[in-house]
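Enquirer: sequence first, then the predicted structure:
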Amino acid sequence: MHDVIVVDEEFEDSNSAVRGACVRIERMLSVYCALMNVAAGRGAIAGATSDALKTYVGYAERLKGIASELARHHGEVKTLFLSTIDEADTYLY
């Protein structure tokens, strides 16, 4: 039988990396949406292309906040996992 070794610090590092990546994704998405809004406003003024671009920008705008939610959820799962492991191995300490 193999021992399972859980290093809390590695989970903390992983959580920090996920949070950092999610912050960068949110920032890039905001810039992307701003640029697409400029393109929609200055590019095709009217017609099917303009309508399609505005619809696309609307869908892109809906993505805002999803990465932040992912980071929050990842943190909750990490905390729950570590606390579950700590509870399970209390007999060792």
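Expert: That came through, no problem.
Enquirer: average pLDDT for the longest helix seen in the chain?
Expert: The single longest helix within the chain, with elements called by DSSP state H, is helix 8-42. In this model, helix 8-42 carries a mean pLDDT of 91.
Enquirer: name the helices or strands packed onto it?
Expert: The elements that helix 8-42 packs onto, with contact taken as 3 or more CB pairs under 8 Å, 6 or more residues apart in numbering; DSSP states H and E, are helix 48-62, helix 66-88. C-betas here are computed from N, CA, C, even on glycine.
Enquirer: same list (the ones you listed) but as TSV, adding distance to Val38.
Expert: Formatted as TSV, the entries for those read as follows, by distance: least, CB to CB, whole Å:
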stretch	distance to Val38
helix 48-62	10
helix 66-88	22
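Enquirer: would you turn the ones you listed into TSV with mean pLDDT?
Expert: Conversion of the helices and strands packed on helix 8-42 to TSV gives the following (pLDDT from 0 to 100):
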stretch	mean pLDDT
helix 48-62	88
helix 66-88	91
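Enquirer: which of the ones you listed sits closest to Arg19?
Expert: Arg19 lies closest to helix 66-88 among the helices and strands packed on helix 8-42, at 4.6 Å (CB to CB).
Enquirer: now do the buried residues in the longest helix of the chain.
Expert: Phe11, Asn15, Val18, Arg19, Cys22, Ile25, Glu26, Leu29, Cys33, Met36, Ala40 (16 or more other CB atoms under 10 Å).
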